[in-house]
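> have a look at this prediction, sequence included:
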Amino acid sequence: MLIHLLKSKIHRAQVTGASLEYEGSLTIAEDLMVKVGLLPNERILCSNLANGERFETYAIPGERGSGTFELNGAVAHLGKIGDRLTIMAFMEVESAKARRWKPRVVVLGKKNRIINERGI
């Protein structure tokens, strides 16, 4: 049996930009994507701590080291610069391995710099 578990999480990412005219997605600084194991175009679930909005989209890499988190396309309506997001990706794990599974998690602080990490 397969169990759906949290694979990756970026917690308290501060939105740095929004582009309504872009096709869609969430731009994430590439170094942070790599740190938690997110792949380009991977499906993600996002929650906005400022307004409670939740949305699904896909991740696209932004400039490494930039701290970029940009809402693109329709999701630009669901937040504004300065809002804090939790970004999650999930995976299927065999039930025999599920109890030992540890997601890769980073918590961000000022300027979207890592202040805590787990499972990495």
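In hand now; what should we look at? Bear in mind that the values here come from a model prediction, so they are computed numbers and not experimental data.
> residue nearest the centroid of the protein?
Central residue of the chain (Cα atoms, centre = their mean): I87, 2.9 Å from the mean position.
> so that residue, which of the three states?
With DSSP: H, G, I helix; E, B strand; the rest coil as the basis, I87 sits in strand.
> residues contacting it?
When the contact criterion is Cβ atoms under 8 Å, 6 or more residues apart in numbering, the partners of I87 are 8-10, 13, 26, 28, 38, 44-46, 59, 69. In short, each C-beta sits where N, CA and C put it, glycine included.
> let me see the backbone angles for the closest residue to I28 other than its chain neighbours.
With Cβ to Cβ, 6 or more residues apart in numbering as the measure, A59 is the residue that lies nearest to I28, at 5.3 Å, once sequence neighbours are left out. Geometry field for A59 lists phi and psi as phi -90, psi 140, criterion degrees, to the nearest 10.
> quick one on the thing from earlier: who's the residue nearest to the centre of the chain bridged to?
Under the criterion DSSP bridges, I87 forms beta bridges with I10, C46.
> would you map the strands across this protein?
2-14, 17-19, 25-29, 43-48, 54-62, 69-72, 84-94, 104-108, 114-118 (DSSP state E).
> make CSV from the ones you listed and add mean pLDDT and distance to L78 to it.
Output for the strands of the chain, formatted as CSV (pLDDT from 0 to 100; distance: least, Cβ to Cβ, whole Å):
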stretch, mean pLDDT, distance to L78
strand 2-14, 97, 14
strand 17-19, 95, 9
strand 25-29, 96, 10
strand 43-48, 98, 6
strand 54-62, 97, 5
strand 69-72, 97, 7
strand 84-94, 97, 10
strand 104-108, 98, 19
strand 114-118, 97, 25
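> V93 contacts L2, correct?
Yes - contact criterion Cβ atoms under 8 Å: V93 and L2 qualify, at 6.8 Å.
> who has more neighbours, the two?
V93 (17 against 10; other Cβ atoms under 10 Å).
> gap between the helix ranked longest in the chain and the chain center?
Assignment by DSSP state H gives helix 30-36 as the longest helix of the chain. Once both centres are worked out by Cα atoms, centre = their mean, to the nearest Å, helix 30-36 turns out to sit 10 Å from its chain's centre.
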